[in-house]
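# requesting a structural model of the entry that follows:
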Amino acid sequence: MPAGTPLKDMDVVQLAQDELEALHLCDGEDMTQEEAGACMGVSRGTVQRLLATGRKKVATVLIHKKALSIGMAHAMATPVRVQKKTIRDVVT
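Numbers count the residues shown, from 1 in each chain. Here you go, the predicted model:
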């Protein structure tokens with residue numbers, strides 16, 4: 001958020017919890033979409049959709065200097081820890 005701008009005066013873009021999880025697993029933990037899907041209990045196609053919408057929202061926030069809300073409307077949430085799992089952890 002731009003320095004000195006009150007949150008109440010900013011447009012807020014909401015990033016869903018599942019979008020954040022997909023971004024974290026694929027971009028942060030370098031998992032494949034298939035591995036991330038297994039960890040999240042969703043299909044690879046769903047992970048692909050979550051990544052596309054999540055990345056677009058993050059880019060919008062950065063480019064247009066908007067506030068980012070994660071998982072709840074109009075409130076800044078604390079980061080969520082996602083335990084790193086491998087495909088073997090999920091399958092076995």
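# show me what the host helix or strand of A59 is packed against.
Assigned by DSSP states H and E, A59 belongs to helix 44-64. Counting contacts by 3 or more Cβ pairs under 8 Å, 6 or more residues apart in numbering; DSSP states H and E, helix 44-64 packs against strand 12-15, helix 17-23, helix 33-40, strand 67-70. Yep, even glycine has a C-beta here, placed from its N, CA and C like the rest.
# as a markdown table, those with mean pLDDT, distance to L50 and mean neighbour count would be great.
Below are those laid out as a markdown table (pLDDT from 0 to 100; distance: least, Cβ to Cβ, whole Å; neighbours: other Cβ atoms under 10 Å):
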| stretch | mean pLDDT | distance to L50 | mean neighbour count |
| --- | --- | --- | --- |
| strand 12-15 | 94 | 10 | 17 |
| helix 17-23 | 96 | 4 | 20 |
| helix 33-40 | 96 | 8 | 20 |
| strand 67-70 | 92 | 13 | 18 |
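# now do the helix holding A59 against helix 33-40, angle only.
Per axes from the mean of the first three to the mean of the last three Cα atoms, to 10 degrees, the angle that helix 44-64 makes with helix 33-40 is 100 degrees.
# contact partners of helix 44-64?
With contacts defined as Cβ atoms under 8 Å, 6 or more residues apart in numbering, helix 44-64 is touched by 11, 13-16, 18-23, 25-27, 33-34, 36-37, 40, 42, 66-68.
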